[in-house]
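Asker: My questions are about this predicted structure, shown below with the sequence.
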Amino acid sequence: METGVGLPTTVPDVDGARLTGWAREAENLGFASLGVLDRLVYDNYESMTSLAAAAAVTERIRLTSSILIAAYRPGTAVLAKQAATVHALSGGRLTLGVAAGGRDDDFRATGATYGDRGRRLDGMIAEMKDIWAGRGPVPGIGPAFPEDGRPELIVGGHTPAAMARAARHADGWIAGGSSATGYADLAGRAREAWRTAGRTEKPRLVALVYACLGPGARDVAESYLRAYYAFIGPKAEMAAKAVVIGAEALRETVAAYEEAGCDELLVFPCTADPGQLELLAKAALG
């Protein structure tokens, strides 16, 4: 199993210098990828712009939107061009993860409809793949790629509809907010969706967890996650309590996800403190 790390785009102590420094150091420490979370109505750094900044200061590490709430974006062609640009500028390192999302305020902010977001996401993915192949509805939107050169696609979500969407359109599936115990069942359902769709190859299976290490880790993590997940009401407390605290717990979590069949685990930080990245690398990468 590969292990990646999140860019701290949503934490309260991030700034531009810390973000790009984090990207450089994550590559130097040996993480497989950099992930980004996506929100619009929140005090965070925009996802695709952050990946472009990371691309500019790194050479090898993969760049993953994990996930992008694509359907609140009003134009498929613009998103396809942004993703293609990051992919081309980084030398083919973009993995574009997308999902339907669950915050209606993000959609209201752009005037996008919320109730039909899953259906529209299906159409957006198909259209982006056409645009990247040079056969979009309006010719000439580039950069364009041969089929085997386009960004890797992964789709997120735990519902049957989300897994069917991943099997129809994507190269893999990503879980968020799960546990290693629950992940084994979810991964099995994703593989079954692939078989049902007539796919002969196996999906690439990805997951993410939140972790915080060092002195005061519990307070730092829970304060951040309660704020980030405030939109789900009382369940925000459950999200805060699920964070992985301590090096030994993170090592056990990494091992458990590998045992559950995960191909890549993304470890998301709860602070942008540069020392946090070293602690995460020491525990997660060994």
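Answerer: Perfect, thanks for sending it.

Asker: Just confirm R39 contacts D105, I think it does.
Answerer: No. With contact defined as Cβ atoms under 8 Å, R39 does not reach D105; the gap is 9.5 Å. Just so you know, the C-beta spots here come from the backbone N, C-alpha and C atoms, and that holds for glycine as well.

Asker: neighbour count winner among the two?
Answerer: Higher neighbour count among R39 and D105: R39, with 20 against 13, using other Cβ atoms under 10 Å.

Asker: gap between stretch 13-21 and the chain center?
Answerer: The chain centroid and the centroid of stretch 13-21 are separated by 19 Å under Cα atoms, centre = their mean, to the nearest Å.

Asker: Would you mind pulling the contact partners of it?
Answerer: The contact list for stretch 13-21 (Cβ atoms under 8 Å, 6 or more residues apart in numbering) reads 7-9, 45, 50, 53-54, 56-57, 271-274.

Asker: which stretches of the stretch 1-150 of the chain form helices?
Answerer: Ranges of helices within the stretch 1-150 of the chain are 16-29, 47-56, 76-89, 104-110, 117-132, based on DSSP state H, counting those that start in this stretch.

Asker: List of residues touching the second one?
Answerer: Residues from elsewhere that reach helix 47-56, judged by Cβ under 8 Å, 6+ apart: 7, 9, 16, 19-20, 23, 34, 36-38, 61, 63, 65, 68, 79, 82-83, 85-86, 89-90, 93-94.

Asker: Equivalent analysis for the fourth one, please.
Answerer: Contacting residues not belonging to helix 104-110 are listed as 39-41, 69, 71-74, 101, 113-114, 117, 231 [Cβ under 8 Å, 6+ apart].

Asker: Which one of the residues you listed is nearest to V138?
Answerer: V138 lies nearest to P74 out of those, by Cβ to Cβ, at 15.7 Å.

Asker: Please look at the closest one and G111 and confirm they touch.
Answerer: Yes. Counting by Cβ under 8 Å, P74 touches G111, with 6.5 Å between them.

Asker: These two: which has the busier surroundings?
Answerer: Legend: neighbour count by other Cβ under 10 Å for P74 and G111, higher for P74 (11 against 8).

Asker: residues in contact with that one?
Answerer: T110, G111, A112.

Asker: picking up where we left off before, which two of the contacts of stretch 13-21 have the greatest separation?
Answerer: Within the contacts of stretch 13-21, two members stand farthest from each other by Cβ to Cβ: A56 and T271, at 23.4 Å.

Asker: Those two: who's more crowded?
Answerer: Higher neighbour count among A56 and T271: T271, with 23 against 11, using other Cβ under 10 Å.

Asker: How confident is the prediction for the more buried one, by pLDDT?
Answerer: pLDDT recorded at T271 is 97.

Asker: And for G176?
Answerer: pLDDT recorded at G176 is 83.

Asker: P146 too?
Answerer: On pLDDT, P146 comes in at 82.

Asker: Tell me how far it lies from E152.
Answerer: 14 Å (Cβ to Cβ, to the nearest Å).

Asker: Between those two, tell me which one has more neighbours.
Answerer: Set P146 next to E152 and count neighbours by other Cβ under 10 Å: E152 wins out with 17 against 9.

Asker: any idea where the strands of this structure begin and end?
Answerer: Assigned by DSSP state E, the strands in the chain fall at 2-6, 33-36, 62-68, 94-98, 152-156, 172-175, 204-212, 244-245, 264-268.

Asker: give the contact list for the nearest residue to S66 once chain neighbours are set aside.
Answerer: Spatial nearest neighbour of S66, excluding adjacent residues (Cβ to Cβ, 6 or more residues apart in numbering): G35 at 3.8 Å. Contacts for G35 (Cβ under 8 Å, 6+ apart) come out as G4, V5, G6, L7, T64, S65, S66, L208, L266, F268.

Asker: isn't the first one right up against D263?
Answerer: To tie it back to what came earlier, the one meant is G4. No. Assessed by Cβ under 8 Å, G4 is found out of contact with D263, at 10.9 Å.

Asker: Those two - which one has more neighbours?
Answerer: Legend: neighbour count by other Cβ under 10 Å for G4 and D263, higher for G4 (24 against 17).

Asker: Relative to P139, how far out is the more buried one?
Answerer: G4 sits 36 Å away from P139, going by Cβ to Cβ.

Asker: Likewise for A26?
Answerer: To P139, A26 is 38 Å away according to Cβ to Cβ.
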